[in-house]
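> Task: produce atomic coordinates for the following.
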Amino acid sequence: MPDGDVMKDAWLSARDGKIDGIGKMTEAPAHFDGEVFDAAGGFLLPGFIDPHTHLGMWEDSLGFEGADGNEETDPSTPQLRAIDGVNPMDRCFTEALDYGVTTVVTGMGSANPVGGQLLVMKTCGDCVDDMVIKAPVAIKFALGENPKYVYNGKNQAPTTRMATAAIIREALFKAKKYMEKQQLAATDEDEDEPDFDMKCEALIPLLKGEIAAHFHAHRADDIFTAIRISDEFGLNLKIVHGTDAACIAKRLAERGIDVFVGPIISDRSKPELRSKSDSTAAELNAAGVRVSITTDHNVVPIQHLLTSAQVAIRAGLPKRDAFRAVTVNPAKALGLEDRVGSIAVGLDADFSVFAEDPFESVAAKPVMVCVNGERVR
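This is a model prediction of the structure:
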């Protein structure tokens, strides 16, 4: 139900890929067309959403041949489109469905300060074009250690956090000037169109507010850099990872900035993860930050999104809020609450049935999964 409300002893019907009816069993129609599934005693939940993955970009059981997530030849690559790198035949899409994950954001990694265009897609299908909900949904940016590490080895900028921020600013300034010249040429016949620039073209939807900015940022100072740059250019900011976010939770809550927390089930593999804690989601949530949980697949396999939520519950996140963190919260953060993330008439018929409460049992696994009204598990 919307916002995690609970309805007991209920029925749901779907038609043409959408939920077209829901109500109490005492008010159920006498007859349903099509397949009927009796889930008596079970739990019906909306399909889970992971707002930050690299699903299909680093393919399972492959090395270089299946690694299509980082173009480490140019630190500013906004023209790259995740849709051109995703392989929906990767078996990890099957594993996502096996555990009720029906929608993901996927795309490039964090090698480049300006990474490229992310997409949001369903996890069921064999052609990415048919699975896309929105492409692009955001531009991927990266701050902190990763760009420094990649380009220091090439003896090329950025090797400092200053250079990382400068590269991002330069790309945005160029795109802003390019857009302004386009707009002027459209209204003044004496003005010439600027020479075509694919990088600038890719950033125009971001500058217009049509898509969001997803900033990879762990340390608090990097999060503040993301805020600073976003304020300068009027970007719709989302923080990805937010390892140190709990120590600045009040500021994030005041600004209404979403945080995609995770991966929760991982080690402190580098210095900027030294503050990593299972309780980050709980602390942010308590401060009023809208929290979503991510696996960062393939860092943590996509099938462990629910497990990640369970760990967050153990660390203090209320069960209802953990449910929201993998359903309606990411849907709202992505601007897709009219499509996914809840059980409501008119939304996509993406849902799972569990025999037991999946937020209380580590053994929980769906007994049925539907995507767009079609049973896929």
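
> And the helices in the stretch 51-200 of the chain, which stretches?
Taking DSSP state H, counting those that start in this stretch to define them, one finds helices in the stretch 51-200 of the chain at 91-98, 128-131, 145-152, 161-187, 198-207.

> Just the mean pLDDT for the last one, thanks.
Which is helix 198-207. If you average the pLDDT over helix 198-207, you get 98.

> what angle sits between it and helix 161-187?
If you take axes from the mean of the first three to the mean of the last three C-alpha atoms, to 10 degrees, helix 198-207 sits at 90 degrees to helix 161-187.

> C-terminal to helix 198-207, what's the next element?
strand 212-217 (DSSP states H and E).

> That next one packs against which elements?
strand 132-142, helix 220-233, strand 237-241 (3 or more C-beta pairs under 8 Å, 6 or more residues apart in numbering; DSSP states H and E). C-beta: built from backbone N, CA, C; applies to glycine.

> Just give me the residue closest to the centre of the protein.
The centroid of the chain falls nearest to Pro51 when counting by C-alpha atoms, centre = their mean (1.6 Å).

> quick one: contacts for the residue lying closest to that residue once chain neighbours are set aside?
Residue nearest to Pro51 in three dimensions, not counting chain neighbours: Pro330, with 4.0 Å by C-beta to C-beta, 6 or more residues apart in numbering. Going by C-beta atoms under 8 Å, 6 or more residues apart in numbering, Pro330 touches Ile49, Asp50, Pro51, Phe260, Ser292, Gly341.

> Please apply the same query to Pro301.
Neighbours of Pro301 in contact, by C-beta under 8 Å, 6+ apart: Cys92, Glu95, Thr295.

> nearest to Trp58, of those residues?
Cys92 (9.3 Å; C-beta to C-beta).

> is it true that that closest one touches His297?
Yes - shown here, Cys92 and His297 form a contact pair, counting by C-beta atoms under 8 Å, at 6.8 Å.

> what touches both of these two?
Leu55.

> Below-threshold pLDDT in the stretch 51-200 of the chain: ranges please.
Within the stretch 51-200 of the chain, not a single segment meets pLDDT under 70.

> Surely Leu252 touches Val289?
Yes - with contact defined as C-beta under 8 Å, Leu252 and Val289 form a contacting pair (5.0 Å).

> if I look at these two, which residues touch both of them?
Going by C-beta under 8 Å, 6+ apart, residues that sit against Leu252 and also against Val289 are Ala245, Val259.

> in stretch 204-215, what's buried?
By neighbour count on 16 or more other C-beta atoms under 10 Å, the buried set for stretch 204-215 is Ile204, Leu206, Leu207, Ile211, Ala212, Ala213, His214, Phe215.

> oh sorry, the question was meant for stretch 270-290
The neighbour-count criterion (16+ other C-beta under 10 Å) identifies 272-273, 276, 278-287, 289-290 as the buried residues of stretch 270-290.

> Give me the contacts around it.
144-145, 218-219, 222, 242-247, 249-250, 252-253, 256-259, 261, 264, 266-268, 291, 293, 311-312, 314-318, 321-322, 325, 329, 332-333.

> Narrow those residues to those that are buried.
144-145, 218-219, 222, 242-246, 249, 252-253, 257-259, 261, 264, 291, 293, 311-312, 317, 321-322, 325, 329, 332-333.

> Nearest residue to Phe215 in space, please, no chain neighbours.
Spatial nearest neighbour of Phe215, chain neighbours left out: Ala226 (3.8 Å); criterion: C-beta to C-beta, 6+ apart.

> looking at it, the one you found is touching Ala212, isn't it?
No - using C-beta under 8 Å as the test, Ala226 is too far from Ala212 to be in contact (11.9 Å).

> hey, what's in contact with both of those two?
Leu237.

> still on that earlier bit, can you tell me which of the helices and strands packed on strand 212-217 is packed in deepest?
strand 237-241 (a mean of 26; mean count of other C-beta atoms under 10 Å).

> Might you quantify the distance of that one from its chain's geometric centre?
9 Å (C-alpha atoms, centre = their mean, to the nearest Å).

> From the contact counts, what lies against it?
By 3+ C-beta pairs under 8 Å, 6+ apart, strand 237-241 packs against strand 48-53, strand 212-217, helix 220-233, strand 258-261.
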